[in-house]
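Enquirer: Sequence and predicted structure below; questions after.
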Amino acid sequence: MTVTVVVGAQWGDEGKGRVIDYLAERADMVIRFQGGDNAGHTVVNDQGRFALHLTPSGVFHPEAYCLLGPGTVVNMDALGEELDALRRAGVAARNVRVDYRAHLVLPYHRLLDGAAEEQRKREAGAEEPAEGEMGTTRRGIGPVYGDKHSYRGVRVGDIRYPDVLRQRLEALLPARNAQLAFYGLPPCSVEDLLALAEGWRTAYGDMIVDSLPVVRAAVQGGQRVLLEGQLGIGRCIDWGIYPYVTGSSPTAGGACVGAGIPPRAIDEVLGVVKAYSTSVGGGPFPTELHDETGDMLQEIGREFGATTGRIRRCGWFDGVAIRQASWLNGFTGIAVTKLDVLDTFATLRICTGYRLGDEVLDHVPDTVTQGLVEPVYEDWPGWRTDTTACRTWDALPPQAQAYLRRIEELARAPIRFVSVGPERSQMIVV
């Protein structure tokens with residue numbers, strides 16, 4: 001491993017955190033390259049069970065330089081709470097840095113995100129994400145990326161310059177307060193935001209860095225660099241099920257931009273997939289199961305979000321989606337997680353195409369069409385054997401091996417890792 005990108009190959013929640021935690025044992029640098037605290041990476045190790053929302057998953061390895069890269073958006077209060085929780089659990093967390101180019105999630109971003117979601121729910125007349133709803137996490141991620149791309153953002157480094165920050169806020173707040181007023185929310189004041197920034201500067205100012213020289217030296221020096229994305233390609237702003245997407249690109253291409261590394265420096269792209277499919281939030285989900293099998297997958301897999309606690313929608317493995325994810329990211333290998341969740345099923349299904357009328361599609365169509373297709377399935381025999389104690393490929397039941405090889409064929413990339421449980425020791429190296 002020199003420079004390795006770890007990418008979610010489905011709709012998020014694939015198990016990237018535990019894969020990155022495993023790989024980070026041998027990494028010199030771990031970089032979160034996009035997203036904010038709207039998704040969680042669950043890590044289980046000898047120090048406990050952790051849900052990391054912002055902190056790079058290499059934080060448990062003191063020798064690893066852990067960076068929130070320029071492509072991320074940072075709620076400094078949430079980061080501080082997360083670091084405090086890690087320290088209470090005995091994790092020093094002194095190796096975390098934030099690039100000054102990352103954008104700040106400010107209070108009005110969260111307020112606007114929540115208010116807009118409430119309005120969408122009222123319009124849809126439902127309590128849960130439905131057709132027309134986004135199903136956002138209300139963490140302000142969409143609004144802050146919107147401000148970034150409309151040149152109205154505030155960057156982490158700006159808190160080091162109070163006078164400049166004041167001028168920026170005085171220019172920005174009238175429009176934001178007008179939006180808040182539209183939703184019946186109280187305005188934000190420049191003085192309150194400056195006071196917040198002063199607290200952040202005092203508490204976290206020494207964490208703010210220009211990462212480019214450090215990252216460049218690490219790559220040129222042959223250090224082992226790990227790039228960590230959040231969510232999955234199904235939620236990519238460009239290639240996901242728009243508009244039910246996040247505000248950034250969780251792809252290998254996005255990693256180069258969000259971490260500050262040239263494309264030719266990438267040596268490995270590892271796609272992480274569950275042995276079945278899950279999705280949180282709104283939007284089409286072709287293999288979703290609305291029956292007892294879906295309920296079993298949810299219950300056995302403990303499928304609820306690490307950030308919001310929302311129940312994840314469950315379905316069979318989608319080979320069409322993985323084929324597209326592999327092409328767009330250039331997977332050099334894949335890691336299959338949660339194989340053990342399938343231990344009790346007599347028959348497993350893999351989607352290999354989408355039927356649309358008389359046509360069978362072998363690619364992911366536009367969002368509207370995805371809501372109209374029917375999955376074309378292959379049936380595979382289950383193994384009905386406990387795999388959680390397996391530590392080698394040969395120890396896996398033959399039916400499990402066959403099922404995994406089919407996933408490998410559809411992904412057109414070799415399986416490098418198979419996870420049969422949440423512990424580090426339950427990662428099979430293939």
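Expert: On my side now, so go ahead. Numbering: from 1, shown residues only.

Enquirer: G353 reaches A321, doesn't it?
Expert: No. Counting by CB atoms under 8 Å, G353 stays clear of A321, with 11.4 Å between them. All C-beta atoms are positioned from the backbone trio N, CA, C, and that covers glycine.

Enquirer: who has more neighbours, those two?
Expert: For G353 versus A321, neighbours defined as other CB atoms under 10 Å are more numerous around A321 (26 against 18).

Enquirer: how near is that one to Q370?
Expert: 10 Å (CB to CB, to the nearest Å).

Enquirer: For those two, list the residues in contact with both.
Expert: Overlap of the contact sets of A321 and Q370 (by CB atoms under 8 Å, 6 or more residues apart in numbering) consists of V364.

Enquirer: Tell me where the protein has helices.
Expert: 16-24, 76-88, 107-124, 141-149, 162-182, 190-204, 211-220, 252-259, 292-300, 319-329, 367-370, 398-411 (DSSP state H).

Enquirer: Quick one, which of the ones you listed gets closest to L348.
Expert: Closest of the helices of the chain to L348 is helix 398-411, at 6.1 Å (criterion: CB to CB).

Enquirer: List the buried residues of the closest one.
Expert: 399-401, 403-404, 406-408, 410-411 (16 or more other CB atoms under 10 Å).

Enquirer: V215: which of those is nearest?
Expert: A411 (29.1 Å).

Enquirer: residue contacts, that closest one?
Expert: If a contact means CB under 8 Å, 6+ apart, then A411 has 9, 271, 273, 322-323, 325-326, 331, 334 as its contacts.

Enquirer: Please tabulate these in CSV, including the columns distance to P174, neighbour count and pLDDT.
Expert: Shown next, in CSV, are the contacts of A411 (distance: CB to CB, whole Å; neighbours: other CB atoms under 10 Å; pLDDT from 0 to 100):
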residue, distance to P174, neighbour count, pLDDT
A9, 43, 29, 96
G271, 45, 30, 97
V273, 46, 29, 97
I322, 47, 26, 97
R323, 48, 18, 97
A325, 42, 27, 97
S326, 47, 22, 97
F331, 47, 25, 98
I334, 49, 29, 98
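
Enquirer: could I get the residues you listed as CSV with distance to P187?
Expert: Formatted as CSV, these follow (distance: CB to CB, whole Å):
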residue, distance to P187
A9, 43
G271, 45
V273, 45
I322, 47
R323, 49
A325, 43
S326, 48
F331, 47
I334, 49
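
Enquirer: Tell me, how many residues neighbour the closest residue to P263 other than its chain neighbours?
Expert: Leaving aside its sequence neighbours, P263 sits nearest to C256 (CB to CB, 6 or more residues apart in numbering; 5.1 Å). Residues within reach of C256, counting by other CB under 10 Å, total 21.

Enquirer: How about the contacts made by C256?
Expert: 262-263, 266.

Enquirer: correct me, but I241 touches G232?
Expert: No. Using CB under 8 Å, I241 is not in contact with G232; the gap is 10.7 Å.

Enquirer: Quick check: neighbours shared by these two?
Expert: Contacts common to I241 and G232, judged by CB under 8 Å, 6+ apart, are W11.

Enquirer: Looking at the two, which has the bigger crowd around it?
Expert: Neighbours per residue (other CB under 10 Å) separate I241 from G232, with G232 holding more: 29 against 22.

Enquirer: Now do the longest strand seen in the chain and helix 398-411, the angle between them.
Expert: In terms of residue count, the longest strand belonging to the chain (DSSP state E) is strand 347-356. Angle between the axes of strand 347-356 and helix 398-411 is 20 degrees (criterion: axes from the mean of the first three to the mean of the last three CA atoms, to 10 degrees).

Enquirer: Give me the distance from strand 347-356 to the chain's centre.
Expert: Strand 347-356 sits 25 Å away from the centroid of its parent chain (CA atoms, centre = their mean, to the nearest Å).

Enquirer: List the buried residues of that strand.
Expert: So, applying 16+ other CB under 10 Å, buried residues of strand 347-356: 348-354.

Enquirer: quick one: low-confidence ranges for this structure?
Expert: Counting by pLDDT under 70, the chain shows low-confidence ranges at 1, 120-121, 123-136, 305-309.

Enquirer: what about stretch 227-244, how long is it end to end?
Expert: 24 Å (CA to CA, to the nearest Å).

Enquirer: Centre of the chain to it, how far?
Expert: Using CA atoms, centre = their mean, the offset of stretch 227-244 from its chain centre is 8 Å.

Enquirer: Of all the residues in that stretch, which ones are buried?
Expert: In stretch 227-244, counting by 16+ other CB under 10 Å, buried: 227-237, 239-241, 244.

Enquirer: can you tell me which of the residues you listed are in strands?
Expert: Per DSSP E, the buried residues of stretch 227-244 map to strands at 227-228.

Enquirer: of the buried residues of stretch 227-244, closest to N95?
Expert: Nearest to N95 among the buried residues of stretch 227-244, with distances taken as CB to CB, is E228, at 14.1 Å.

Enquirer: contact partners of stretch 172-183?
Expert: Residues contacting stretch 172-183 (CB under 8 Å, 6+ apart): 108, 111-112, 115-116, 119, 147, 152, 154, 186-190, 193.

Enquirer: which of the contacts of C256 count as buried?
Expert: I266.

Enquirer: With distance to G315 added, can I get the contacts of C256 in CSV?
Expert: Below are these laid out as CSV (distance: CB to CB, whole Å):
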residue, distance to G315
P262, 37
P263, 33
I266, 31
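
Enquirer: Specify which member of the contacts of C256 is nearest to D13.
Expert: D13 lies nearest to I266 out of those, by CB to CB, at 24.0 Å.

Enquirer: That closest one against A255, yeah?
Expert: Yes. Contact status for I266 versus A255: in contact at 7.5 Å, counting by CB under 8 Å.

Enquirer: shared neighbours, those two?
Expert: With CB under 8 Å, 6+ apart as the test, I266 and A255 both reach V5.

Enquirer: Nearest residue to N45 in space, ignoring adjacent ones along the chain?
Expert: Of all residues not flanking N45 in the chain, R424 sits nearest, at 5.5 Å (CB to CB, 6+ apart).

Enquirer: Kind regards, and thank you for your time.
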